[in-house]
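>>> Sequence and predicted structure, then a few things I'm wondering about:
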Amino acid sequence: MGLRRIRKRAFSLNNVRLRNKMLIVYFLSVFIPVVLTNVIFYNITTNNVKKQKMRDISLAIEQIRNDFMTQVNVAVGISAVIYDDALLIEYMDKNYDVPSDYVYNYQTYIISMLNKYSPVYEAIQRITLYSDNDTLIYGGQVERVTASTKEQPWYRLVRDSALSAPIVLRTTSDYPGATGDMLSVVRKIADTEAAEPWEKYMKIDLHPEAIKEIFHNVTLEGDLYLLQGNEIQYTTNPEVDLAQTADFAATPVSKDTIVIDEDFKGVPYLSDWRIVGRFKESAVLEEVRKSKNFVLYLAIPNVLLPTLIIIWFSRSLNARLVRILKHMKKVKNHTFETIARQDAQDEIGQLTAEFNRMTLQIKSLIHDVYIADIQKKELLIKRNQSQLHALQSQINPHFLFNSLETIRMRSLMKKEEETARIIHSMAKIFRKSLTWGKDWVTIRDELDLVACFLDIQKYRFGDKLDYRIEADESVLGLMIPKMTLQPLVENASIHGIEKLKEGGLIRIAVAKTAEGLVCTVQDNGAGIPPDRLASILSELEQSDEMGESVGIKNVYYRLKLYYKDKFGFEVSSKEGEGTTFRLVVRGEAEG
């Protein structure tokens with residue numbers, strides 16, 4: 001009746017149910033490969049789309065950079081021509097005693113030279129020359145360096161520059177008829193060897209519409225900024241007002257913004273200029289999301305179709321095999337029912353046909369030999385009864401009881417009281433165990449039997465074992481099946497306490513509660529491993545055979561037979577802490 005340890009068996013597919021095998025095949029051969037393939041395909045596709053999108057944006061910004069630099073280079077080239085025009089410089093440094101001489105030079109050379117670039121280069125809005133020569137007649141495209149001019153940032157920047165290199169910056173229009181800011185190329189004009197050289201500057205204004213066209217010619221889902229240092233010179237962001245703020249760092253930017261920066265390395269007069277693009281990641285990755293949806297729509301049929309096929313095949317196999325298994329269990333319980341055939345020609349259909357044929361043959365054989373077999377068994381039972389009576393007559397229980405009593409009395413005479421007490425307990429156990437035809441006993445008698453057993457075990461284990469029996473007076477007269485508690489106590493003693501070195505305690509409690517009659521057998525012994533406990537409980541529910549754990553199963557099946565659904569059986573255990581058996585009989589116990 002003891003608990004036996006089960007060796008762990010190595011994993012084998014032969015121990016896996018068919019339905020689970022089909023699930024394993026489905027996950028390993030269909031679901032995981034399809035999902036993994038689609039994930040890899042999606043990652044590769046999205047990465048390629050993202051890289052291509054970023055490459056397109058970079059190329060677009062680079063194109064804007066090149067177009068802007070081309071327009072600036074045109075203005076710089078014109079400034080170089082003007083800078084080296086000796087005749088122009090001579091006319092501007094000359095002291096005119098007669099105004100008509102300047103007018104003649106202006107009309108014949110200066111104005112024609114300045115105007116010849118505008119029709120050719122649409123990006124050039126105006127070329128203006130500045131001088132402080134008092135003998136010049138200012139007007140047209142030649143302006144005087146006035147106090148207002150000297151307050152302009154570009155004037156101070158060019159005047160204080162040691163070199164005569166071109167400078168690109170944003171300027172405010174200071175000639176009649178012009179409004180707003182624009183980008184300009186400003187530069188000193190070379191001095192001549194005149195006795196009194198005058199201040200001479202040129203300012204070449206780029207057409208604002210040409211700059212605007214550069215930045216709006218390319219369709220980008222974001223905002224572009226033309227920066228000089230950290231100052232915004234132009235932007236496509238309608239929310240930025242250059243009249244109020246020009247600080248690029250002060251413009252708001254969200255966390256999911258992609259920033260692309262293109263500078264003008266190798267161009268001295270644009271060394272501190274750059275073009276910055278800000279793009280929302282959601283807009284840039286719109287194509288990525290589209291590819292995600294495409295991959296998802298592609299993956300759904302790839303997963304759904306094999307899944308439906310696997311379910312179809314699995315149900316075809318599993319449902320029929322389960323049906324055969326159920327009928328086989330009925331045969332085990334002597335119910336010989338055939339399986340309704342569906343004219344299936346596969347192996348399961350053939351197995352079904354063979355099962356039906358076998359079932360009919362067994363039923364026929366049982367029917368044919370039933371009477372002869374009963375007669376044979378009756379003869380065998382009578383023979384066994386005769387042998388049992390003969391054995392009982394040879395081994396008279398009274399003789400055994402009298403012998404044990406004689407040994408006990410001799411022990412008392414020799415003052416071996418402990419030996420006498422143990423022999424007395426053994427005699428009581430033997431007498432109660434051999435009481436034929438009595439299946440029900442009072443709880444008082446059952447606890448008396450348990451006490452005798454524990455007394456013998458304490459004699460065996462000594463101080464290693466202690467026990468307590470607690471029972472309400474109101475329940476001692478109730479009837480329960482014989483040997484209900486003793487097998488559980490024996491299990492606690494042998495498998496729980498025997499493995500301890502000391503401090504073993506077995507507690508038996510019987511009480512009447514709101515649940516009904518509750519019997520508890522508890523020990524603080526070695527406990528039952530979780531897998532072994534699960535195996536025992538599973539065997540109690542699924543199998544009617546004794547097998548291992550005979551004592552526990554014997555108690556469980558007998559109580560289940562007597563009380564049916566009024567009976568509750570609970571087992572809880574922890575390794576190293578002990579085991580608790582709890583029996584509950586709902587309603588009144590009957591005998």
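On my side now, so go ahead. Numbers count the residues shown, from 1 in each chain.
>>> ok, residues contacting stretch 459-479?
Contact partners of stretch 459-479, identified using C-beta atoms under 8 Å, 6 or more residues apart in numbering, comprise 418, 421-422, 440-444, 447, 450-451, 454, 457-458, 493, 497-498, 500-512, 517, 588-591. Bear in mind the C-beta positions are built from the backbone N, C-alpha and C, glycine included.
>>> One more pass at 7 Å, please.
418, 422, 440-444, 447, 450-451, 454, 457-458, 497, 500, 502, 504-512, 517, 589-591 (C-beta atoms under 7 Å, 6 or more residues apart in numbering).
>>> mind listing which of these are in helices?
Mapping the contacts of stretch 459-479 onto helices (DSSP state H) picks out 418, 422, 443, 444, 447, 450, 451, 454, 457, 458.
>>> Out of the residues you listed, which two sit at the greatest distance?
Greatest spacing in the ones in helices among the contacts of stretch 459-479, by C-beta to C-beta: 418 and 443 (27.7 Å).
>>> between these two, which one's more packed in?
The residue with more neighbours, out of residue 418 and residue 443, is residue 443; 21 against 10, by other C-beta atoms under 10 Å.
>>> Report the distance from the longest helix along the chain to the chain centre.
Ranked by number of residues, the top helix in the chain under DSSP H is helix 32-83. Distance, stretch centre to chain centre, for helix 32-83: 36 Å (C-alpha atoms, centre = their mean, to the nearest Å).
>>> Tell me the buried residues in the next helix-or-strand element following that helix?
Next helix or strand after helix 32-83 toward the C-terminus (DSSP states H and E): helix 86-93. Residues of helix 86-93 classed as buried by neighbour count (16 or more other C-beta atoms under 10 Å): 88, 89, 91, 92, 93.
>>> now, which of those residues sits nearest residue 258?
Residue 258 has its nearest neighbour among the buried residues of helix 86-93 in residue 88, at 48.8 Å by C-beta to C-beta.
>>> Is it correct that that closest one is in contact with residue 111?
No - using C-beta atoms under 7 Å, residue 88 is not in contact with residue 111, being 11.0 Å away.
>>> Narrow the contacts of stretch 459-479 to just the buried residues.
For these, a burial check counting by 16+ other C-beta under 10 Å picks out 422, 441-443, 447, 450-451, 454, 457-458, 497, 500, 504-508, 510, 512, 517, 589.
>>> mind listing what residue 78 touches?
Contacts for residue 78 (C-beta under 7 Å, 6+ apart) come out as 117, 124, 127, 204.
>>> ranking these by neighbours, who comes first?
In the contacts of residue 78, the most neighbours by other C-beta under 10 Å go to residue 204, 28 neighbours.
>>> Give me the residues contacting the helix or strand where that residue lies.
For residue 204, the element it lies in under DSSP H and E is strand 200-206. For strand 200-206, contacts defined as C-beta under 7 Å, 6+ apart pick out 71, 75, 78-79, 82, 92, 123-131, 154, 158, 171, 182-189.
>>> again, only using 8 Å
Contacts of strand 200-206 (C-beta under 8 Å, 6+ apart): 71-72, 75, 78-79, 82-83, 89, 92-93, 123-131, 145, 154-155, 158-159, 171, 173, 182-189, 191.
>>> could you flag which of those are buried?
Applying 16+ other C-beta under 10 Å to those, the neighbour count classes 71-72, 75, 78-79, 82-83, 89, 92-93, 123-131, 145, 154-155, 158, 171, 173, 182-189 as buried.
>>> Fine by me, we can end here.
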